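1. build me a structure from this.
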Amino acid sequence: MQLDWEKYTEIADKFQHKARYEDREDLRQEIILRLAEASSNDGDKPDNDSWMYRIASFTVAQYWRDYYKQVNGIDCGRCSNAQRKKCKEQNLCPDYCPKAIEIESMSKPITDGDGDTIELWQTLADDKAIDLDAWLDAKTWLAGCPQRLVRIANKMVNDKPLNQKELTYLCRYRQKELKKHQKALF
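-> Got it, this is the predicted structure:
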């Protein structure tokens, strides 16, 4: 069976304007490909203009679904039939999807609490950054902490065993601190 490439190209030319300008040639090629696939799978049946237009129409619809999914993280396939009908009646597609999630650029300028303009990525927390408040609290706590307790902590950090006197001292210090916290709560 001979494929009618001229007919496929003619139909694709009628539908390519329905895509974004920069994607028109890609959509045209996609329509031609889908028509050729359908014709080769059709067997000995003669080409029918109505099914070729239908295939081209479905290809355009799939183009917009793929585009919305890529840009917004969602496509019309996730909407109910009622929602799709409402969008069609109000002529929302292809320009606006009510369920679409707008994806922000990480280099988008925003205004911080001080009124300065910074990029969005600069507001992300760094997992490797030092928590300065906690570090200062720990440093202040260590400054008032008994030196014997600091030596015990260093031994524990370096996986060195504690002797019985050190274990007893650590246990008593923990109990004393626990009583302080319990009194503060009540």
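
2. what are the phi and psi values at residue 117?
-> Taking degrees, to the nearest 10, you get phi -90, psi 120 for the backbone angles of residue 117.

3. mind giving me the packing neighbours of the lengthiest helix in the chain?
-> Longest helix in the chain, counting residues (DSSP state H): helix 49-72. The elements that helix 49-72 packs onto, with contact taken as 3 or more CB pairs under 8 Å, 6 or more residues apart in numbering; DSSP states H and E, are helix 5-15, helix 24-41. Bear in mind the C-beta positions are built from the backbone N, C-alpha and C, glycine included.

4. for the shortest one, which residues meet the burial criterion?
-> The one in question is helix 5-15. Within helix 5-15, the residues that count as buried by 16 or more other CB atoms under 10 Å are 8, 11-12, 15.

5. before we move on, what about the longest one?
-> Counting neighbours by 16+ other CB under 10 Å, one finds that the buried residues in helix 24-41 are 24, 27-28, 30-32, 34-35, 39.

6. most distant residue from the centre of this protein?
-> Note on the chain: the largest C-alpha distance from the chain mean falls to residue 165, namely 54.8 Å (CA atoms, centre = their mean).

7. how near is residue 92 to residue 71?
-> Residue 92 is 15 Å from residue 71, where distance means CB to CB, to the nearest Å.

8. what number of residues lie near residue 54?
-> For residue 54, the neighbour count with other CB atoms under 10 Å is 12.

9. what about it, distance to residue 26?
-> Distance of residue 54 to residue 26, computed by CB to CB: 20 Å.

10. specify the residue ranges that define each domain of the chain.
-> The chain is divided into the following domains under automatic domain parsing: 5-89, 145-185.

11. please identify the deepest-packed of those domains.
-> Comparing the domains of the chain by mean neighbour count (mean count of other CB atoms under 10 Å), domain 5-89 comes out on top with a mean of 15.

12. so where's the chain shaky on pLDDT?
-> Counting by pLDDT under 70, the chain has low-confidence residues at 1-2, 42-47, 72-76, 93-103, 128-132, 134-136, 141, 185-186.

13. is it true that residue 148 touches residue 168?
-> No. Judged on CB atoms under 8 Å, residue 148 makes no contact with residue 168 at a distance of 11.5 Å.

14. list just the nearest of the buried residues of helix 24-41 to residue 158.
-> Set against residue 158, the nearest of those by CB to CB is residue 30 (64.7 Å).

15. ok, the closest one - contacts?
-> 59, 63 (CB atoms under 8 Å, 6 or more residues apart in numbering).
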